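> based on what follows, work out the 3D shape:
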Amino acid sequence: RSNQADQLGLYCSLMLISLVLGCAVAPKKLAVKDLSQSFEADTIISAKTGKPISFEELIAELIESRVIYVGEQHTNRSHHEIQLKIIKGVFEQSPNMAVGMEMFDHSYQSILDQWSGGELDEKIFLRKTHWYANWRYSFSLYRDILDFVRDNRIRLVGLNVPFHIPSKIRVGGIENLRDEEKRHLPAEIDTTVADHREYVENVFNGHHFKGMVEFDDFYMAQCVWEDAM
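Below is the predicted model of the structure:
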């Protein structure tokens, strides 16, 4: 898209699985890095060609993919509106899709199944998933997406590890997790991608941990978070 969503720290948050898985409306031209042309807000830009495409063309391309990632700035409501629009567009073409969200860790899967089955109202769902303990951002930002998932009986998948695990790795190292915590780790954790490591190190250097966090632990926590999802 012609705007950018944060990646690290805000992370990729919605994924449409098996076909699984934001925009300023100011009246100004928007620029895309490495492209000389500017675009109107809400223009969809093909990463393949650098040219504008229609929403229908976007969906036609997306449904050829097994996995679709849609990023966000968590508090940007327009990003969530775009996510829902994409979910609806994919659902029309592939109703067997599932929606995966980083807002839930996999230990809540049975609760997510109840939501997808229409068995829970919103109040009970928020209590059972401990939304405001685990995620904290206003549920109103995600309500329309989750209502669409429930109303259409779409499978909802928790992508994350329990939220306390990355923070424990960050301050104590992965080797000091308890055995019951280690069982939540992904089978493979890839820490060998040099460009990724450099990117994360730049993020790390922008924080002020005052010697309480070592970069290798910080990087391992990030890789666990990403590889689990």
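> how about the strands of the protein, start to end?
Using DSSP state E, the strands of the chain run over residues 14-17, 29-31, 38-40, 44-45, 52-53, 67-70, 98-105, 155-160.
> okay, now the residue nearest to Gly117 when sequence neighbours are not counted: neighbour count?
Of all residues not flanking Gly117 in the chain, Arg153 sits nearest, at 6.9 Å (CB to CB, 6 or more residues apart in numbering). All C-beta spots, glycine's among them, are computed from the backbone N, C-alpha and C. Arg153 has 11 neighbouring residues, counting by other CB atoms under 10 Å.
> hang on, the earlier thing: of the strands of the chain, which is nearest Leu120?
Leu120 lies closest, by CB to CB, to one member of the strands of the chain: strand 155-160, at 11.1 Å.
> just want the angle from that closest one to strand 98-105.
Taking axes from the mean of the first three to the mean of the last three CA atoms, to 10 degrees, strand 155-160 and strand 98-105 form an angle of 40 degrees between their directions.
> who does strand 155-160 pair up with?
Strand 155-160 sits in its sheet next to strand 98-105 (parallel), going by DSSP bridges.
> the strand it pairs with - what's its average pLDDT?
Per-residue pLDDT over strand 98-105 has a mean of 97.
> and for stretch 77-87?
Mean predicted confidence for stretch 77-87 is 97.
> show me where the chain has its helices.
55-62, 77-93, 109-116, 122-129, 131-134, 143-151, 164-172, 179-182, 194-205, 215-228 (DSSP state H).
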